[in-house]
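1. give me coordinates for this.
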Amino acid sequence: MPARYDENGNFIYPEGFDPQTQEWQPGFEAQREEWERQYAEAQARFMAHKKQKAEAQAADAAAATSAPEQTDQKSDQQVAE
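-> Numbering: from 1, shown residues only. Got it, this is the predicted structure:
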């Protein structure tokens, strides 16, 4: 049940979901369960992405603080040669 949008970019709700009441209609339990499963998977991917992004930013910040030391060491080696 991939996300679908109309020509104006508005979300098209899955069959059996009433967007006005924000409730699933009786008889659409299978569609609700499938939508909830897909939503949970998407949420998990999003949280993993946020974690990966935060870790990458922390690694970049750590590398930026240690980069001048490495540059200084290279400069010292070139001078010594």
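2. C-alpha from now on. contacts and neighbour counts both.
-> Fine.
3. can you tell me how far the most centrally placed residue in the chain sits from Trp24?
-> Nearest to the mean C-alpha position of the chain, counting by C-alpha atoms, centre = their mean, stands Phe46 at 3.0 Å. According to C-alpha to C-alpha, to the nearest Å, Phe46 stands 25 Å off from Trp24.
4. swap in Gly16?
-> Here Gly16 is placed at a distance of 6 Å from Trp24 (C-alpha to C-alpha).
5. shared neighbours, those two?
-> Arg32 (C-alpha atoms under 8 Å, 6 or more residues apart in numbering).
6. buried stuff in stretch 3-19?
-> Across stretch 3-19, burial judged by 16 or more other C-alpha atoms under 10 Å covers Pro14, Gly16, Phe17.
7. got the residues you listed as TSV, with pLDDT columns?
-> Shown next, in TSV, are those (pLDDT from 0 to 100):
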residue	pLDDT
Pro14	91
Gly16	94
Phe17	94
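8. can you give me phi and psi for Glu7?
-> Backbone torsions of Glu7, given as degrees, to the nearest 10, read phi -60, psi -20.
9. cool, and the one 10 residues further on?
-> Geometry field for Phe17 lists phi and psi as phi -100, psi 130, criterion degrees, to the nearest 10.
10. now Gln22
-> phi 60, psi 30.
11. next, count neighbours for it.
-> 8 (other C-alpha atoms under 10 Å).
12. and if you look at Arg45?
-> By other C-alpha under 10 Å, the residues close to Arg45 number 12.
13. fine by me, we can end here.
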